[in-house]
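S.K.: sequence and predicted structure, then a few things I'm wondering about:
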Amino acid sequence: MIIAVDFDGTLFEDKFPDIGKPKMEVIDLIKQYIYDGHVVILWTCRVGDRLQEAVSKCKEYGIEFSHINENSHETLRKYVDCRKISADLYIDDKALNPSILSKTPMIKYTTD
(Lines give C-alpha, C1' and ligand atoms only; values in the text may rest on other atoms or scores of the structure.)
Protein backbone atom coordinates (compact mmCIF):
# COMPACT_ATOMS: atom_id res chain seq x y z
CA MET A 1 0.00 0.00 0.00
CA ILE A 2 1.16 3.54 -0.73
CA ILE A 3 0.53 5.98 2.13
CA ALA A 4 0.94 9.76 1.92
CA VAL A 5 1.28 11.53 5.27
CA ASP A 6 1.25 15.25 6.01
CA PHE A 7 3.65 16.88 8.47
CA ASP A 8 2.21 20.03 10.10
CA GLY A 9 -0.84 19.23 12.20
CA THR A 10 -0.55 15.51 11.46
CA LEU A 11 2.81 14.14 12.61
CA PHE A 12 3.55 17.23 14.69
CA GLU A 13 1.30 19.96 16.07
CA ASP A 14 0.83 22.80 13.60
CA LYS A 15 3.20 25.62 14.62
CA PHE A 16 4.41 26.52 11.12
CA PRO A 17 6.99 27.82 10.37
CA ASP A 18 8.25 26.20 13.59
CA ILE A 19 7.75 22.53 14.41
CA GLY A 20 5.18 21.71 17.06
CA LYS A 21 5.10 18.91 19.59
CA PRO A 22 5.14 15.36 18.21
CA LYS A 23 1.87 13.47 17.88
CA MET A 24 3.21 10.15 19.11
CA GLU A 25 0.08 8.15 18.28
CA VAL A 26 0.41 9.10 14.60
CA ILE A 27 4.22 8.77 14.59
CA ASP A 28 3.93 5.25 16.02
CA LEU A 29 1.31 4.34 13.41
CA ILE A 30 3.54 5.57 10.57
CA LYS A 31 6.53 3.67 11.96
CA GLN A 32 4.38 0.51 12.01
CA TYR A 33 3.33 1.06 8.38
CA ILE A 34 6.99 1.40 7.40
CA TYR A 35 7.92 -1.70 9.42
CA ASP A 36 5.11 -3.62 7.69
CA GLY A 37 6.68 -2.79 4.31
CA HIS A 38 4.34 -0.09 3.03
CA VAL A 39 5.59 2.77 0.87
CA VAL A 40 5.23 5.90 3.00
CA ILE A 41 5.57 9.32 1.37
CA LEU A 42 6.00 12.58 3.25
CA TRP A 43 3.41 14.84 1.63
CA THR A 44 3.89 18.42 2.79
CA CYS A 45 3.86 22.02 1.55
CA ARG A 46 7.20 22.65 3.26
CA VAL A 47 10.11 23.39 0.94
CA GLY A 48 13.79 24.28 1.23
CA ASP A 49 15.20 24.60 4.74
CA ARG A 50 11.76 24.13 6.32
CA LEU A 51 11.39 20.82 4.50
CA GLN A 52 14.84 19.67 5.61
CA GLU A 53 13.95 20.57 9.22
CA ALA A 54 10.80 18.45 8.96
CA VAL A 55 12.66 15.48 7.46
CA SER A 56 15.34 15.73 10.17
CA LYS A 57 12.72 15.91 12.92
CA CYS A 58 11.00 12.80 11.53
CA LYS A 59 14.33 10.96 11.50
CA GLU A 60 14.82 11.91 15.17
CA TYR A 61 11.60 10.00 15.86
CA GLY A 62 12.59 7.00 13.73
CA ILE A 63 10.66 7.82 10.56
CA GLU A 64 12.52 7.41 7.25
CA PHE A 65 10.23 8.02 4.28
CA SER A 66 10.30 6.10 1.01
CA HIS A 67 9.82 9.39 -0.86
CA ILE A 68 9.45 13.06 -0.01
CA ASN A 69 6.92 15.10 -1.98
CA GLU A 70 7.26 12.79 -4.97
CA ASN A 71 5.44 9.77 -6.31
CA SER A 72 6.58 6.22 -5.68
CA HIS A 73 8.48 4.30 -8.33
CA GLU A 74 5.44 2.02 -8.68
CA THR A 75 3.22 4.99 -9.51
CA LEU A 76 5.74 6.40 -11.97
CA ARG A 77 5.79 3.09 -13.85
CA LYS A 78 2.00 3.18 -14.21
CA TYR A 79 1.34 6.85 -14.84
CA VAL A 80 2.93 10.09 -15.92
CA ASP A 81 4.62 12.00 -13.11
CA CYS A 82 2.66 15.00 -11.96
CA ARG A 83 2.37 17.34 -8.97
CA LYS A 84 -0.36 15.24 -7.36
CA ILE A 85 0.93 12.54 -5.06
CA SER A 86 -0.84 9.26 -5.77
CA ALA A 87 -1.54 7.08 -2.73
CA ASP A 88 -3.94 4.44 -1.46
CA LEU A 89 -4.27 6.23 1.87
CA TYR A 90 -3.82 9.89 2.78
CA ILE A 91 -3.22 10.83 6.40
CA ASP A 92 -3.81 14.56 6.93
CA ASP A 93 -5.27 16.63 9.74
CA LYS A 94 -7.50 18.45 7.23
CA ALA A 95 -8.72 15.40 5.35
CA LEU A 96 -12.32 14.32 4.98
CA ASN A 97 -13.48 11.15 3.28
CA PRO A 98 -16.21 12.04 0.75
CA SER A 99 -18.17 8.88 1.66
CA ILE A 100 -18.75 10.41 5.09
CA LEU A 101 -20.43 13.40 3.45
CA SER A 102 -23.08 11.21 1.84
CA LYS A 103 -24.04 9.88 5.28
CA THR A 104 -24.05 13.24 7.04
CA PRO A 105 -27.10 15.48 6.81
CA MET A 106 -26.43 18.95 5.48
CA ILE A 107 -25.77 21.51 8.15
CA LYS A 108 -27.91 24.56 7.67
CA TYR A 109 -26.61 27.88 8.84
CA THR A 110 -29.01 30.61 9.75
CA THR A 111 -28.53 34.14 10.86
CA ASP A 112 -30.75 35.42 13.61
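M.R.: Sure thing, it's come through. All of these numbers come straight from a predicted model, not from anything done at the bench. Numbers count the residues shown, from 1 in each chain.
S.K.: where does the chain have low pLDDT?
M.R.: Scanning the chain with the threshold set as pLDDT under 70 gives 101-112.
S.K.: show me where it has its strands.
M.R.: 2-5, 39-42, 67-68, 89-91 (DSSP state E).
S.K.: the first one pairs with which strands, and in what direction?
M.R.: Note on strand 2-5: by DSSP bridges, its sheet partners are strand 39-42 (parallel), strand 89-91 (parallel).
S.K.: turn those into TSV, columns for distance to Gly9 and mean neighbour count.
M.R.: From N, CA and C alone the C-beta is placed, and that goes for glycine too. Listed next are these as TSV, based on distance: least, Cβ to Cβ, whole Å; neighbours: other Cβ atoms under 10 Å:
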stretch	distance to Gly9	mean neighbour count
strand 39-42	14	23
strand 89-91	11	16
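S.K.: could you dump the ones you listed into a markdown table with distance to Ser99 added?
M.R.: Listed next are the strands paired with strand 2-5 as a markdown table, based on distance: least, Cβ to Cβ, whole Å:
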| stretch | distance to Ser99 |
| --- | --- |
| strand 39-42 | 23 |
| strand 89-91 | 14 |
